[in-house]
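Visitor: A predicted structure for the sequence below; I have some questions about it.
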Amino acid sequence: MTPAELKQYVADKRKRQASEWANQIAIHGQCTGFNDRDYSRNSEIIFTGKKSYRTKFVHSKLWNTTK
């Protein structure tokens, strides 16, 4: 594949994706974030960050403690 063909392929792919997204928006509407009511209703499934922690063994710590 030559660079010109690659550029044309990428341009066609972007046009295809844009038309598909336009069709999805026409069907389902524009996506929006949660409002307060939705957030409180779905608060059990909304979580951020890591919930479980484990100690990571790093070899440099071993050398630093044995000096």
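Guide: The structure has been received and is ready for your questions.
Visitor: Show the backbone phi and psi for Phe34.
Guide: phi -70, psi 140 (degrees, to the nearest 10).
Visitor: Return the per-residue confidence for it.
Guide: Note for Phe34: predicted pLDDT of 77.
Visitor: likewise Arg37?
Guide: pLDDT recorded at Arg37 is 84.
Visitor: For it, what is the enclosing helix or strand?
Guide: Using DSSP states H and E, Arg37 sits within helix 36-41.
Visitor: Please identify the buried residues of stretch 20-28?
Guide: By 16 or more other Cβ atoms under 10 Å, stretch 20-28 has no buried positions at all. C-beta: built from backbone N, CA, C; applies to glycine.
Visitor: Return the alpha-carbon coordinates of that stretch using CSV.
Guide: What follows is stretch 20-28, C-alpha atoms only, in CSV (Å, rounded to 0.1, in the frame of the first residue of the first chain):
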residue,chain,number,x,y,z
GLU,A,20,-22.4,5.8,10.9
TRP,A,21,-22.3,8.1,13.9
ALA,A,22,-24.7,10.5,12.2
ASN,A,23,-27.1,7.6,11.7
GLN,A,24,-26.8,6.5,15.3
ILE,A,25,-27.4,10.0,16.6
ALA,A,26,-30.5,10.3,14.4
ILE,A,27,-31.8,7.1,15.9
HIS,A,28,-30.9,7.4,19.5
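Visitor: With that, I have no additional questions.
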